[in-house]
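Q: Next come a sequence and a model predicted from it.
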Amino acid sequence: MSVDALNAVCPYYTMYPLDFPLAVLKRHGKPGEWVIDPFCGRGTTNFAARLLGMPSVGVDSSPVAAALAKAKLVYASPGHVVASARAILNAAKEPADVPSGRFWKLAYHRKTLVELCHLREELLKDCTSPTRVLLRAIVLGALHGPRPKGKPSYFSNQSPRTFAPKPNYAVKFWTERNLRPDAVDVLSIIKARAERYLAEPPPDVEGMVQLADSRDADTFSNVPKASWVVTSPPYYGMRTYLPDQWLRLWFLGGPDYVEYRQPEAQLEHTGAMHFSAEMARVWTNVAKRAASDARLIIRFGGIHDRDAEPMDVLRNSLADTGWVMKTARRVPDADTGRRQVRQFQAAPKKSIAEYDAYCRLA
């Protein structure tokens, strides 16, 4: 297995490829230089920095994102992770809270669901050690996904692996196709994944991840001066990050139903200019924690139900923040490899062009 295997521990619907931050930092960065990602998502920038010996800080307002990003900065052996899972499952009594209802009955075999609840309760009590941080990420990655023809690699009935199926649609989908959940071996799946993702340890590099709001200046108060800010903020109008991850949010202590209310920690999408102003607060905050020769690289695009030009939104967000855009390059076709939506529902629309914007401090 490759040293970068850990980056794939849990897929994320809006993730960008490791090649993006890795190429940027490898080309111009130096070991020891600090990297900030104020919208770190599942920690791809942080992991790229780790591979290159660069310490990093990641910030995200999503509990799922923060949990996955934290796993990208620690290490434990596959054996320790499996032993931790085995100890939890062997010592567990009947879990206090097992979700019920048509969705849960069809999503997981009863035995599988009970074991997932055991793991959930114990990791909610204590998830501070590297071993448990990695166990949590491995479970999150296996929580839902496609049913293979061979050995099971996910805990759920047929599902997308990058986003959680919505209950009503999923029940209809499974019922019409007479799909019933299999009784899978939870520990075997954890073992296989631990051996896949943790076989070769990445470099031991300093790093930190905060579950926080990047618009708040205090979020960066203890962050070292950074030479690089590499990030991809939410695209204007994209507000479904948390509902799309509702099953993983449940495992992290959230409700056992989809919650569509937008948290205060997320950027507001009430208008293009307002959204730009929200992002501007973030760019201003990271500029204050950036070295004089720091660079800011942003991957940004748009979605179909907003008519604002993405690059106009981005340019407006950079005004009066201390950053000046020097150049922008179009990203190659973002539609390649988009099989996740197609396997569970209608084919997605062709994606809107994405750009990489390269900025320096004024």
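A: All right, it came through fine.
Q: which stretches of the stretch 101-250 of the chain have low pLDDT?
A: Applying pLDDT under 70 to the stretch 101-250 of the chain picks out residues 238-240.
Q: now the strands for it?
A: According to DSSP state E, counting those that start in this stretch, the stretch 101-250 of the chain carries its strands in the segments 207-211, 226-231.
Q: CSV please, covering the ones you listed and showing distance to R360.
A: Where C-beta positions appear, they are placed from N, C-alpha and C, glycine not excepted. Putting the strands of the stretch 101-250 of the chain into CSV (distance: least, CB to CB, whole Å) gives the following:
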stretch, distance to R360
strand 207-211, 24
strand 226-231, 11
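Q: Dump those to CSV, plus distance to S61 and mean neighbour count.
A: Shown next, in CSV, are the strands of the stretch 101-250 of the chain (distance: least, CB to CB, whole Å; neighbours: other CB atoms under 10 Å):
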stretch, distance to S61, mean neighbour count
strand 207-211, 7, 20
strand 226-231, 13, 25
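Q: Can you say which of the ones you listed is nearest to P310?
A: Distance to P310, taken as CB to CB, is lowest for strand 226-231 among the strands of the stretch 101-250 of the chain, at 14.9 Å.
Q: who's in contact with the residue lying closest to P152 once chain neighbours are set aside?
A: In this structure, P152 finds its nearest non-sequential neighbour in V184, 4.4 Å apart by CB to CB, 6 or more residues apart in numbering. Residues in contact with V184 (CB atoms under 8 Å, 6 or more residues apart in numbering) are 109, 112, 152, 154-155.
Q: Ok, P21 next?
A: Under the criterion of CB under 8 Å, 6+ apart, the neighbours of P21 are 37, 44-45, 48-49, 230.
Q: before we move on, which element is it in?
A: Per DSSP states H and E, P21 falls inside helix 19-28.
Q: After that helix, which helix or strand is next?
A: Using DSSP H and E, the next helix or strand after helix 19-28 towards the C-terminus is strand 35-37.
Q: quick one: which of the contacts of P21 has the most company?
A: T45 (34 neighbours; other CB atoms under 10 Å).
Q: mind listing what that one touches?
A: With CB under 8 Å, 6+ apart, T45 has these contacts: 21, 35, 37, 56, 58, 230-231.
Q: cutoff 7 Å now
A: 21, 35, 37, 56, 230-231 (CB atoms under 7 Å, 6 or more residues apart in numbering).
Q: any idea what the residue positioned nearest the centre of the chain is structurally, helix, strand or coil?
A: The chain has R42 as the residue nearest its centroid, 2.8 Å off, counting by CA atoms, centre = their mean. Following DSSP: H, G, I helix; E, B strand; the rest coil, the label given to R42 is coil.
Q: Might one say that it is in contact with A67?
A: No. In this structure, R42 is not within contact of A67 by CB atoms under 7 Å, at 9.0 Å.
Q: now the spatially closest residue to M208 that is not a sequence neighbour, which residues is it bridged with?
A: Leaving aside its sequence neighbours, M208 sits nearest to V57 (CB to CB, 6+ apart; 5.4 Å). Here V57 sits in beta bridges with I36, M208, as judged by DSSP bridges.
Q: Give me the neighbour count for V57.
A: V57: 28 surrounding residues under other CB under 10 Å.
Q: so it makes contact with K225?
A: No. Contact criterion CB under 7 Å: V57 and K225 do not qualify, at 11.0 Å.
Q: okay, and for the stretch 251-362 of the chain, where does confidence drop off?
A: The low-confidence ranges in the stretch 251-362 of the chain, as defined by pLDDT under 70, are 262-266, 268-269, 304-306, 333-352.
Q: all helices for it, in order.
A: 272-288, 310-318 (DSSP state H, counting those that start in this stretch).
Q: Mind giving me the packing neighbours of the shortest one?
A: Secondary-structure packing of helix 310-318 (3 or more CB pairs under 7 Å, 6 or more residues apart in numbering; DSSP states H and E): helix 272-288, strand 290-300, strand 323-330, strand 355-361.
Q: Tabulate the ones you listed (TSV), appending distance to E206 and mean neighbour count.
A: Output for the helices and strands packed on helix 310-318, formatted as TSV (distance: least, CB to CB, whole Å; neighbours: other CB under 10 Å):
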stretch	distance to E206	mean neighbour count
helix 272-288	18	19
strand 290-300	17	19
strand 323-330	25	14
strand 355-361	24	18
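Q: which one of those lies closest to R248?
A: Per CB to CB, nearest to R248 of these: strand 290-300, 23.0 Å.
Q: chain center to the closest one: distance?
A: Put simply, strand 290-300 sits 21 Å off its chain's centre (CA atoms, centre = their mean, to the nearest Å).
Q: quick one, domains of the chain?
A: 5-74+206-361, 78-197 (automatic domain parsing).
Q: burial of the closest residue to I138 other than its chain neighbours, as a residue count?
A: Spatial nearest neighbour of I138, excluding adjacent residues (CB to CB, 6+ apart): R193 at 4.8 Å. Neighbourhood size, R193 [other CB under 10 Å]: 25.
Q: contacting residues for R193?
A: Listed by CB under 7 Å, 6+ apart, the contact partners of R193 are 138, 141-142.
Q: Which of those residues sits closest to P78?
A: Nearest to P78 among the contacts of R193: I138, at 9.7 Å, using CB to CB.
Q: I figured the closest one hits A192, correct?
A: No. Look at I138 against A192 with CB under 7 Å: they stay out of range, at 9.6 Å.
Q: Of those two, give the one with the bigger neighbour count.
A: I138 (26 against 18).
Q: ok, now how distant is the more buried one from K26?
A: According to CB to CB, to the nearest Å, I138 and K26 sit 28 Å apart.
Q: hmm, back to that, any idea how far the residue nearest to P152 is from E122?
A: From V184 across to E122, the span is 19 Å (CB to CB).
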